[in-house]
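Engineer: Need coordinates for the below:
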Amino acid sequence: MHLIKNLTAKFVVEPCVASGLMPSSDVGRRLFRWALHNRDFSKVGSHPLSDIWQVPEWDNTYALSRASMAYIWQVLREWQPHSIIEFGCGRSSIMFGRYCHLMEATCLSIEADPDWGRKMQDQLAANGLESEVTLHLSDSIQSPDMHGHDLVRSGFYAQYGDRQFDLVSIDGPVGGFGRGGTLLSIKHQLAPKAHIIVDDSNRTNERHTINRWLHEFGPALSLKADLPLPYGLTILEYDKSRE
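Structural biologist: Numbering: from 1, shown residues only. Next up, the predicted model:
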């Protein structure tokens, strides 16, 4: 099992990039390297996500970083997932919605904050993405050891229990509390092969959470990339055949 190091001191991430996770196109590779080192995002106004980056309300420490979005956008086109679930909505929801529109995929977004959820519903409508992204409000992801029990209360399984997901994005709830239960709550709904994206993976709670998942899933879950993007971005791969 390849565990992520629980570093003390400043908790600096050591890059661990699997060869298959780098974007394959020359443009993707250049954008990835640029995203790691450049903080002047005004130079990429032609990028398909640039208008999302310009929304001041989302330009804060809680939002998915622009560099992370640039990387995820590239690998989305390579993985080509059909059914996405994200825990914690935001500008990533617009990004996933645009991908879904292009690729005829779907995205289910789970949000714990009702006020923020309503704002995001308006943003999705303003971008014409209501049919691509379904927003489900649930306080269940605030429970760190829920194992899915609290999702029953919000009606999640009654509405979406028959869905399978081949991409999971975990960027909520705010502050890292409760993220441990997110992946465990949908374990039985993962596609036979799926990718998991974990934002803010530089933080101590997230490091412990990822190691816990690697332990509980066993050989079926593996670490594919631990990227030195702002606040950390970790990619995991689930393969049911390895159970």
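
Engineer: Quick one: the helices in the protein, in order.
Structural biologist: According to DSSP state H, the chain carries its helices in the segments 26-37, 50-53, 66-79, 91-103, 114-126, 149-153, 156-160, 180-185, 204-217.

Engineer: how about the last one: buried residues?
Structural biologist: By that I understand helix 204-217. By neighbour count on 16 or more other C-beta atoms under 10 Å, the buried set for helix 204-217 is 205-207, 209-211, 213-214, 217. (Each C-beta comes from the backbone N, C-alpha and C, glycine too.)

Engineer: The fifth one now?
Structural biologist: Of the residues in helix 114-126, those with enough neighbours to count as buried (16+ other C-beta under 10 Å) are 116-117, 120-121, 123-124.

Engineer: Mind giving me the packing neighbours of it?
Structural biologist: When contacts are defined as 3 or more C-beta pairs under 8 Å, 6 or more residues apart in numbering; DSSP states H and E, helix 114-126 packs onto helix 91-103, strand 106-111, strand 133-137.

Engineer: what angle sits between that helix and strand 133-137?
Structural biologist: Using axes from the mean of the first three to the mean of the last three C-alpha atoms, to 10 degrees, the direction of helix 114-126 lies 170 degrees away from that of strand 133-137.

Engineer: Likewise for the third one?
Structural biologist: Computed by the same axes, to 10 degrees, the angle separating helix 66-79 from strand 133-137 equals 120 degrees.

Engineer: Now do helix 66-79 against helix 91-103, angle only.
Structural biologist: Between the axis of helix 66-79 and that of helix 91-103 there is an angle of 30 degrees, by the same axes, to 10 degrees.

Engineer: For helix 66-79, name the packing helices and strands.
Structural biologist: Right, helix 66-79 is packed against helix 26-37, helix 50-53, helix 91-103, strand 165-170, strand 190-199, strand 233-239 by 3+ C-beta pairs under 8 Å, 6+ apart.

Engineer: Let me know the average pLDDT across the fifth one.
Structural biologist: Strand 190-199 comes out with an average pLDDT of 96.

Engineer: By average pLDDT, which secondary structure element in this protein comes out worst?
Structural biologist: strand 16-17 (a mean of 42; mean pLDDT, DSSP states H and E).

Engineer: got any ranges where the protein has weak pLDDT?
Structural biologist: Scanning the chain for pLDDT under 70 picks out the ranges 1-62, 139-154, 174-178.

Engineer: again, 50 this time
Structural biologist: 1, 3-25, 27-28, 36, 38-46, 142-149 (pLDDT under 50).

Engineer: can you redo the helices and strands packed on helix 114-126 as TSV with distance to residue 221?
Structural biologist: Shown next, in TSV, are the helices and strands packed on helix 114-126 (distance: least, C-beta to C-beta, whole Å):
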stretch	distance to residue 221
helix 91-103	22
strand 106-111	20
strand 133-137	24
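
Engineer: What's opposite the closest residue to residue 134 other than its chain neighbours in the beta bridge?
Structural biologist: The shortest distance from residue 134 to any non-neighbouring residue, by C-beta to C-beta, 6 or more residues apart in numbering, is to residue 108 (5.1 Å). According to DSSP bridges, the partner residues bridging residue 108 are residue 85, residue 134.
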